[in-house]
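Engineer: need a structure here:
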Amino acid sequence: MQYNLMVALNILRSPDSGVTSNNVCEAKEMRLGHKLFVSAVVALSSLAPVAWGVERVYAGSRDARDLRLWLADQPRGAGIRVGGIVWQPTVPVGLRYDDNIFARDLRKDDDGLFSVTPSLLAKTHYGEHELAISAYSRSDFGFEHSRQDNTEYGGSARAKMQLLSWLDFVASYSFDHLAEDWDSPDIPLDAAEQPEVEQVGCNIGLQAHLGRWATGLNFMCTDVTYNDVARLGGGEINERFRNRDIVDVFIDFSYQLTNTLQPYIQLVWSDNGYDDWPIDRDGGGKSAFLGFRFQSGEALDGNLYGGYVFRNGDDDDFRLKEAEGVGFGAEFNWRVNEQLGLHLDALREIEEATTDLESGRFTTTVALHADHKMTGNLTLQGYFGYEDDEYVGTPREENRYTAGLAVLGTFGQGLYSRLAYRYDTRDSNFIGRSYDRNQILLTVGYKR
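Structural biologist: Model (predicted):
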């Protein structure tokens, strides 16, 4: 999902995404739809598939597990070079207060959490060839509620090879063991604990450069497996119906029209295979986009695209409706001056939904992120986001607002700290899915 090199999901960046090596990739897919939100750190610059030619849009073919990642973009140092390998470790420790840990309008409760999230990124270059390997873990410990305790871990490997002067090959593999966050729109309302999920992803791709023309072909496979989870009041909830295998194929064509303008076309096919209980959700999707990337000097760059998105289920289960419509996206980066930078995202896509008879959801998001460098080692960060979800197959509708403010400080010898506040509210016409949430997070970390 940016699956394409997703970069910089920042602490305050958006209401949601799906982190895992499959959702987070090295260059920017900002999946605004649902950004991840749990105190975690992932080696973003190596976590999964690489986008070739142009950034993959992924609308209509996303994994919507909706895990939250608040600490997705930890600062990294220049690294330690040993031979031809650069090692970039980081060890953040965090304290978080959450006044609504279960993200519910009912059974509202507060708690504090302690988190430890070490990660390591190693990368090397040999001519035009590249290799990057990452690993991370995250442990959360609730002060009062043991059901908040969980451990996540994962890793990835990505290799790029130049086969010919005009042809590149890339391959990647990733594994993540994660806990679904309480504010996921698909989490069972009667779950007593956070469901655990394992995701395995692999990707192979080719990119050809012929003068001003470039074309890319990518195959991505993802396997998502949920463990059964304890039910409030006793017993277990069978999560097998959310297990799935996903195959995505991306083809893109781009042309460097000028030094500052690159139009492109992208076609996407996806096929999803689910376990057949209680609803046969097997199906697929397709999308076609026309867009262009542009740059205006060194201060402004962006990406605009629009097109058609479609998702359907197999004819075996008539209860799942088809979902189709217009998809679009916009991303702007504006360096106002040496101190202030702005980032704007807008996105409309079809996301998967695995609750009841919901065959998908149209998600529209808008997010604005600002960084203001107050001094050489002190940065003020702000965020505002809006999200609208309209479900296909049920009358469920939801909208969500998020706002946050953070101060990031860096100190000598690789130390840094971040103090952040975030307010999050969701309004849903389904009982149990609405909530208001205030969170305060203090992080202290070490990087090399």
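Engineer: all contacts plus neighbour counts: C-alpha atoms, from now on.
Structural biologist: Fine.
Engineer: tell me the contacts of L320?
Structural biologist: R281, N312, G313, L357, E358, S359, G393 (Cα atoms under 8 Å, 6 or more residues apart in numbering).
Engineer: nearest to V326, of the residues you listed?
Structural biologist: N312 (15.0 Å; Cα to Cα).
Engineer: And the closest one, how close does it get to D186?
Structural biologist: 19 Å (Cα to Cα, to the nearest Å).
Engineer: so what's V170 bridging to?
Structural biologist: K160, G205 (DSSP bridges).
Engineer: Thought V82 was touching T124, still the case?
Structural biologist: No - using Cα atoms under 8 Å, T124 makes no contact with V82, being 10.1 Å away.
Engineer: Which one's more surrounded, the two?
Structural biologist: T124 (17 against 8; other Cα atoms under 10 Å).
Engineer: so what pLDDT did the more buried one get?
Structural biologist: You'll see T124 listed with a pLDDT of 94.
Engineer: what's the answer for the one 3 residues further on, then?
Structural biologist: Turning to G127, the model gives it a pLDDT of 86.
Engineer: Need phi/psi at it.
Structural biologist: Taking degrees, to the nearest 10, you get phi 70, psi -120 for the backbone angles of G127.
Engineer: do the same with the one 5 residues further on
Structural biologist: The phi/psi pair for A132 (degrees, to the nearest 10) reads phi -130, psi 130.
Engineer: residues near it, how many?
Structural biologist: 23.
Engineer: What sits closest to it if chain neighbours are left out?
Structural biologist: Once flanking residues are discounted, A132 sits nearest to K123: 4.2 Å by Cα to Cα, 6 or more residues apart in numbering.
Engineer: One more: A367?
Structural biologist: Going by Cα to Cα, 6+ apart, A367 has G385 as its nearest residue, at 4.2 Å.
Engineer: do you know how far the one you found is from N399?
Structural biologist: For G385 relative to N399 (Cα to Cα), the value is 11 Å.
Engineer: So for the two, which residue has more residues nearby?
Structural biologist: In this view G385 and N399 are compared by other Cα under 10 Å, and G385 has more residues nearby, 24 against 18.
Engineer: Touching, N438 and F102? I think so.
Structural biologist: No - proximity of N438 to F102 does not meet the contact threshold set by Cα under 8 Å, at 11.9 Å.
Engineer: More neighbours: those two, which one.
Structural biologist: Of the pair N438 and F102, F102 is the one with more neighbours under other Cα under 10 Å, namely 23 against 17.
Engineer: The more buried one contacts D183, doesn't it?
Structural biologist: Yes - using Cα under 8 Å, F102 makes contact with D183 at a distance of 7.1 Å.
Engineer: Toward the C-terminus, what is the element adjacent to the helix or strand N399 falls within?
Structural biologist: Taking DSSP states H and E as the definition, N399 sits inside strand 397-410. Per DSSP H and E, the first helix or strand lying C-terminal to strand 397-410 is strand 415-428.
Engineer: List the buried residues for that next one?
Structural biologist: 415-422, 424-428 (16 or more other Cα atoms under 10 Å).
Engineer: Check stretch 235-242 too.
Structural biologist: Those would be I237, E239, R240, F241, R242, for stretch 235-242 by 16+ other Cα under 10 Å.
Engineer: Which parts of the stretch 51-200 of the chain are strands?
Structural biologist: 80-82, 85-98, 111-116, 119-126, 129-142, 150-164, 167-179, 196-210 (DSSP state E, counting those that start in this stretch).
Engineer: Export the ones you listed to JSON lines and append columns for distance to G306.
Structural biologist: Compiled in JSON lines, the strands of the stretch 51-200 of the chain are given as follows (distance: least, Cα to Cα, whole Å):
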{"stretch": "strand 80-82", "distance to G306": "42"}
{"stretch": "strand 85-98", "distance to G306": "37"}
{"stretch": "strand 111-116", "distance to G306": "40"}
{"stretch": "strand 119-126", "distance to G306": "35"}
{"stretch": "strand 129-142", "distance to G306": "32"}
{"stretch": "strand 150-164", "distance to G306": "29"}
{"stretch": "strand 167-179", "distance to G306": "27"}
{"stretch": "strand 196-210", "distance to G306": "23"}
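Engineer: And these: which comes nearest A406?
Structural biologist: Here strand 85-98 is closest among the strands of the stretch 51-200 of the chain (Cα to Cα), at 13.3 Å.
Engineer: Which strands and helices lie in contact with that closest one?
Structural biologist: Where contact means 3 or more Cα pairs under 8 Å, 6 or more residues apart in numbering; DSSP states H and E, strand 85-98 is packed against strand 80-82, strand 111-116, strand 119-126, strand 435-447.
Engineer: pLDDT value on C25, please?
Structural biologist: 28.
Engineer: ok, now the one 3 residues further on?
Structural biologist: pLDDT recorded at K28 is 25.
Engineer: and stretch 87-95, how far from the chain's centre?
Structural biologist: 20 Å (Cα atoms, centre = their mean, to the nearest Å).
Engineer: Just confirm F294 contacts Q262, I think it does.
Structural biologist: Yes - between F294 and Q262 there is a contact at 6.3 Å, judged by Cα under 8 Å.
Engineer: which stretches of the stretch 201-350 of the chain have low pLDDT?
Structural biologist: 276-278, 314-318 (pLDDT under 70).
Engineer: Neighbours of the closest residue to G283 other than its chain neighbours, how many?
Structural biologist: Spatial nearest neighbour of G283, excluding adjacent residues (Cα to Cα, 6+ apart): G313 at 4.0 Å. When counting by other Cα under 10 Å, one arrives at 23 neighbours for G313.
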